[in-house]
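Novice: following is a predicted model, sequence given first.
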Amino acid sequence: MFQHYLKTIRSKHSDIVFSSKETIMTLLLEETESIYTQLLSCLLDGVKVIEKNILHITKKLVEKVLVNCSLKLKAYLAKLFNSNDALLSDYSKIVEGKLDTSMHTKMNASSDDQDVDHKLSENNSTRCSI
């Protein structure tokens, strides 16, 4: 669904369409118990700075959703960047800004972190293309 939303959003769409997609994506992320790598990859693909085929409106939508869900996604994104060779500089400043504090502080080895590790390891090879 996220992939479809990101592929179909256009600047000619009304503000209501944009805000509706933003609200739905935000609510789904906030309400889900498991954030998987495939979903994170789908969002991150929309904010790659080197990707020329990404529409500005798509990038704007992803950035809004990332800001809206930053508290929930922070640990997942930090683990994803720590476990992969991905560089924060390859992505929008929004991603770097949201992760800056968690990337520079030592993460506790709590059950929440172990849960994040487990969820990120599932479906790790699947990518989303926008």
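Specialist: Arrived safely, thanks for sending.

Novice: give me the nearest residue to S92, chain neighbours excluded.
Specialist: V47 (3.8 Å; CB to CB, 6 or more residues apart in numbering). C-betas here are computed from N, CA, C, even on glycine.

Novice: counting neighbours, what do you get for that neighbour?
Specialist: As a burial measure, V47 scores 22 neighbours (other CB atoms under 10 Å).

Novice: if I pick the closest residue to N68 other than its chain neighbours, what's in contact with it?
Specialist: Excluding the flanking residues, the one nearest N68 by CB to CB, 6+ apart is T26, at 4.3 Å. With contact taken as CB atoms under 8 Å, 6 or more residues apart in numbering, T26 is in contact with 65, 68-69.

Novice: where does Y91 fall, phi/psi-wise?
Specialist: Backbone geometry at Y91, expressed as degrees, to the nearest 10, gives phi -120, psi 170.

Novice: likewise the one 5 residues further on?
Specialist: The main-chain torsion angles of E96 are listed as degrees, to the nearest 10 and equal phi -60, psi -40.
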